[in-house]
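Undergrad: Give me coordinates for this.
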Amino acid sequence: MDSLRFNLQQSPTQLKPKVLRPRITNMSNQTDETDPRASSSAGKIQRLVLSSEGRTKLNVEPDREFYSYPRFVNHVDEKFISCLTDLYRNRLRPGSIVLDLMSSWVSHLPEEVKYEKVVGHGLNAQELARNPRLDYFFIKDLNDDQKFELEDKYFDAVLCSVGVQYLQQPEKVFAEVYRVLKPGGALIVSFSNRMFYEKAIKVWRDGTEYGRVQLVVQYFQSIEGFTQPEIIRQQPPAGGGGGGPEKPVFNWLMGLIGLASRPDPFIAVIAYKNFKPLYE
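TA: Numbering: from 1, shown residues only. Next comes the predicted model:
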C-alpha cells in the first residue's frame, strides 16, 4: 500500500499555507505487519499498560467530530501556563527542532527563545493556523492512526500538553515519538486535573492525581529505550490560590457551593531517548 511521509526539509515557499504537504513513496510490497518502522525504527513496546476497558471513552463519536469547531480558550490557568513556559525555557535548547503534539492555537513556548522549527499536530486546522509559533502543522487522529508520517530521529524534543488523557493507544504513540526523536531528545508530557470528561479514557477518569502520574510514568516505561521518567510537580496552595492571606474556612465554604477558584496543579513527566544529554 502507499505510505505517506512528510518532507520537513522543504523550503517555506513550498509549504503554503502552514500545512505539511505529504511526499508519496511507493511501498506497495509492504503491509502494516511488515513495515520496517514497526520493528527497527519505532520504539519497541515491551508491554501494554492499559486494558481494553481502561481505553474506553464515554463519548464514542470520532474525535475529529468532537474537535471540529475551534476553541480559542486556555484549558489551564495562568499559573500552570507560567510553570510550563518556564519548564520549556529550561529544557529546550535554542535552535531545537520541536514537535508539539495535540497542540492548539497556543504552544506556551517562551517568546524570547528562537527554535529552528516548530511543527504542530492537532485535530482542528483553524486553531493550529492561529498558533504563531508553528512553522508547519498536520492533522491526525491519534486514536485512529498512531503512525507519524515524519522522519526518523528528526526532532530534538516532543511536547504533549494537557492531551495525554485522551490517548487510547498511548503505548503506540509513545513508540512513534521515540522513533522521531533524536538520541538524547526529550518527550515532555504535562497535564493537570482538567479534562473533557466524556473524551478522557476510563482509567484516567477513574484515577487519582497520583495514579495519573504513575500511569504516564508507565507509558514511558512500556517503551524500550526511554530513560527513567522524571516527575515535576507543583501543587497549588491548600484552600486555593491567589494573593492575600489564607482563609481556610471561607475557602471551604466557597468550595462547598462551587464558587471557589482552585489553581490547577502543574504536573510534568519527562524522559529522554537513550540518554539525558549534559549541557554546559
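Undergrad: which is the next helix or strand following the helix or strand containing Arg89?
TA: Using DSSP states H and E, Arg89 falls within helix 78-91. Next in sequence after helix 78-91, counting helices and strands by DSSP H and E, comes strand 97-101.
Undergrad: which strands and helices sit next to that next one?
TA: Contacts defined by 3 or more Cβ pairs under 8 Å, 6 or more residues apart in numbering; DSSP states H and E place strand 97-101 against strand 117-122, strand 155-161, helix 170-180. For glycine as for every other residue, the C-beta is placed from the backbone atoms N, C-alpha and C.
Undergrad: redo that, cut-off 6 Å
TA: Here strand 97-101 touches strand 117-122, strand 155-161, going by 3 or more Cβ pairs under 6 Å, 6 or more residues apart in numbering; DSSP states H and E.
Undergrad: what's the most buried one of these?
TA: Comparing these by mean neighbour count (mean count of other Cβ atoms under 10 Å), strand 155-161 ranks first with a mean of 25.
Undergrad: For it, output the C-alpha coordinates as CSV.
TA: In CSV, the C-alpha atoms belonging to strand 155-161 read as follows (Å, rounded to 0.1, in the frame of the first residue of the first chain):
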residue,chain,number,x,y,z
PHE,A,155,13.2,16.2,16.5
ASP,A,156,15.2,17.4,19.5
ALA,A,157,12.0,17.5,21.6
VAL,A,158,8.4,16.4,21.5
LEU,A,159,5.8,18.2,23.7
CYS,A,160,2.4,17.0,24.7
SER,A,161,0.5,19.5,26.9
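Undergrad: and it, which strands flank it?
TA: Strand pairing for strand 155-161, determined by DSSP bridges: strand 97-101 (parallel), strand 181-191 (parallel).
Undergrad: out of these, deepest packed?
TA: Across the strands paired with strand 155-161, averaging neighbours per residue (mean count of other Cβ under 10 Å) puts strand 97-101 on top, at a mean of 24.
Undergrad: Got the phi and psi for Glu198?
TA: Phi and psi for Glu198, reported as degrees, to the nearest 10, are phi -70, psi -10.
Undergrad: Ile45 touches Pro170, doesn't it?
TA: No. Counting by Cβ atoms under 6 Å, Ile45 does not reach Pro170; the two are 10.3 Å apart.
Undergrad: Compare these two and say which one has the larger neighbour count.
TA: Pro170 (27 against 16; other Cβ atoms under 10 Å).
Undergrad: Spatially nearest residue to the more buried one, not counting backbone neighbours?
TA: Tyr219 (4.7 Å; Cβ to Cβ, 6 or more residues apart in numbering).
Undergrad: and if you look at Leu84?
TA: The nearest residue in space to Leu84 (Cβ to Cβ, 6+ apart) is His108, at 4.9 Å.
Undergrad: Centre of the chain to stretch 168-182, how far?
TA: Chain-centre distance of stretch 168-182: 11 Å, with Cα atoms, centre = their mean, to the nearest Å.
Undergrad: before we move on, what about stretch 201-214?
TA: Computed by Cα atoms, centre = their mean, the separation of stretch 201-214 from the middle of its chain amounts to 16 Å.
Undergrad: Kindly format the C-alpha coordinates of the helix or strand where Arg233 lies as CSV.
TA: According to DSSP H and E, Arg233 maps onto strand 230-234. Provided in CSV are the C-alpha atoms of strand 230-234 (Å, rounded to 0.1, in the frame of the first residue of the first chain):
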residue,chain,number,x,y,z
GLU,A,230,11.4,12.5,35.8
ILE,A,231,8.4,13.9,37.6
ILE,A,232,7.9,17.6,38.2
ARG,A,233,5.0,18.6,40.3
GLN,A,234,3.9,22.0,41.6
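Undergrad: so it versus strand 181-191, what angle?
TA: Angle, strand 230-234 to strand 181-191, by axes from the mean of the first three to the mean of the last three Cα atoms, to 10 degrees: 30 degrees.
Undergrad: If you count neighbours, what's buried in strand 230-234?
TA: By neighbour count with 16 or more other Cβ atoms under 10 Å, strand 230-234 contains the buried residues 230, 234.
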